[in-house]
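In: Generate coordinates for the sequence data below:
(one chain, ligands or ions: 2)
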Amino acid sequence: PAPRTVLLTGAAGGLGTLMRSRLPEYGYALRLFDMRPVEGAPDAITADLGDTAAVREAVRGVDAVLHLAGISLEAPFDKILKANIEGTYNLYEAARQEGVPRIVFASSNHAVGFTPAPRAGEPLIPVDAPRRPDTFYGLSKSFGEDLAQLYWDKHGLETVSVRIGSCFPEPTSVRMLSVWMSPADGARLFHAALTAEEVGHTVVYGSSANTRLWWDLTTARALGYTPQDDSEPYADKLIAEQGELDPANPAHSHLGGHFVSDPPIWPY
Ligand code: NAI
Ligand code: 15L
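Out: Residues are numbered from 1 along each chain as shown. Ligands and ions are numbered 1, 2, ... in the order given. Down below sits the predicted model:
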């Protein structure tokens, strides 16, 4: 049966806010969780992923978790360790103890950010490309994917790890033309990841069907995801403003973009 009650962690964040308004259309009852209050949602659980009792209570009785909470940019290692590594462990452990059958994990392109961006005519990046994190942040997503594999192999807890490209209302850089996921496609992909049968631990790339796509969406499509959007209508304007990508610039020639050289630091 399709999951009904889904715990949405990171509900106060950018992506959480976008998904909060879209996922109910697919029939989900969302339970919201974030360390920050969620605007307009007085019933949301305000707690840190480090609070194991609160996390355990939050997962109790849900059909699945959409795990978006965490530091979403580069940060000092000790901060990443607490929020993303220990926090994700706490969530998996609580889900195992409470018998939650599936987690959809917001991984990131930055788990493989040092992978060269394919040039015209080169093959798309496959999901089984070796991990090449571009930051401590990307390393924490790589950890999350391995944790997911462990909990599937050892405990039968299923995960879809979604290596999200850039999920924002519009693409804002030339690189994003290749990795952009429209919010509507984001909801389609998360819905597919929540409902597909027998996923074990499946890794997928998360983007729209962009004309300038860099990666292979086969595993995402196999879940039942059919992207409807393409960043191409934004291309002329972004290229006129920013110029074409320069293959000699490492921040242009790798999947992770400027995270490979000058990552933005989250102000924690
Ligand atoms: P965001 O930074 O806007 O939201 C993250 C939320 O997690 C925040 O509301 C924050 O308060 C919460 N949070 C952080 N640490 C926490 C903790 N210890 N306990 C409880 N809550 C905590 O990030 P955004 O853009 O919404 O991303 C959501 C998730 O998707 C993140 O895991 C991010 O790494 C991942 N992702 C997002 C992409 C995007 O394009 N938006 C791309 C790739 C991955
Ligand atoms: C991410 O992982 C970040 O969470 C998001 O803020 C964007 O920077 C995105 O990757 C990206 O690569 O564009």
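
In: Helices along the stretch 1-150 of the chain, start to end?
Out: Along the stretch 1-150 of the chain, counting by DSSP state H, counting those that start in this stretch, helices occupy 14-22, 52-59, 77-80, 87-98, 136-155.

In: And the ones you listed: which comes nearest residue 232?
Out: Closest approach to residue 232 among the helices of the stretch 1-150 of the chain (CB to CB): helix 14-22, 21.1 Å. All C-beta atoms are positioned from the backbone trio N, CA, C, and that covers glycine.

In: The closest one vs ligand 2: in contact?
Out: No - with CB under 6 Å from any ligand atom as the criterion, ligand 2 is not reached by helix 14-22; the gap is at least 7.4 Å.

In: quick one on the thing from earlier: just put the helices of the stretch 1-150 of the chain in TSV and tack on mean neighbour count and distance to residue 203.
Out: Output for the helices of the stretch 1-150 of the chain, formatted as TSV (neighbours: other CB atoms under 10 Å; distance: least, CB to CB, whole Å):
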stretch	mean neighbour count	distance to residue 203
helix 14-22	18	18
helix 52-59	18	22
helix 77-80	16	20
helix 87-98	20	15
helix 136-155	20	6
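
In: Please convert the ones you listed to JSON lines, extending it with distance to residue 185.
Out: Below are the helices of the stretch 1-150 of the chain laid out as JSON lines (distance: least, CB to CB, whole Å):
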{"stretch": "helix 14-22", "distance to residue 185": "10"}
{"stretch": "helix 52-59", "distance to residue 185": "27"}
{"stretch": "helix 77-80", "distance to residue 185": "28"}
{"stretch": "helix 87-98", "distance to residue 185": "24"}
{"stretch": "helix 136-155", "distance to residue 185": "20"}
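
In: give the contact list for the residue in the stretch 1-150 of the chain positioned nearest to ligand 1.
Out: For the stretch 1-150 of the chain, the residue closest to ligand 1 is residue 13, as judged by CB to the nearest ligand atom, at 2.0 Å. For residue 13, the contact set (CB atoms under 8 Å, 6 or more residues apart in numbering) comprises 34, 68-69, 72.

In: and the residues you listed as a markdown table, adding distance to ligand 1 and pLDDT?
Out: Below are the contacts of residue 13 laid out as a markdown table (distance: CB to the nearest ligand atom, whole Å; pLDDT from 0 to 100):
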| residue | distance to ligand 1 | pLDDT |
| --- | --- | --- |
| 34 | 5 | 98 |
| 68 | 4 | 99 |
| 69 | 4 | 98 |
| 72 | 3 | 98 |
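
In: near ligand 2, which of those residues show up?
Out: residue 72.

In: for the contacts of residue 13, which one is nearest ligand 2?
Out: Comparing the contacts of residue 13 against ligand 2 with CB to the nearest ligand atom places residue 72 closest, at 3.6 Å.

In: That closest one is in contact with residue 266, isn't it?
Out: Yes - taking CB atoms under 8 Å as the definition, residue 72 is a contact partner of residue 266 at 6.7 Å.

In: ok, the two, which is more surrounded?
Out: residue 72 (20 against 16; other CB atoms under 10 Å).

In: got the contact list for that one?
Out: Taking CB under 8 Å, 6+ apart as the contact definition, residue 72 lies against 13-14, 137, 266.

In: make it 10 Å
Out: Neighbouring residues of residue 72 by CB atoms under 10 Å, 6 or more residues apart in numbering: 10, 13-15, 83-84, 106, 108, 110, 137, 164, 264, 266.

In: sorry, back to before: show me which of the contacts of residue 13 is closest to residue 219.
Out: residue 68 (20.0 Å).

In: what's the nearest residue to the closest one if we skip its chain neighbours?
Out: Closest residue in space to residue 68, ignoring its immediate chain neighbours: residue 10 at 3.3 Å, by CB to CB, 6 or more residues apart in numbering.
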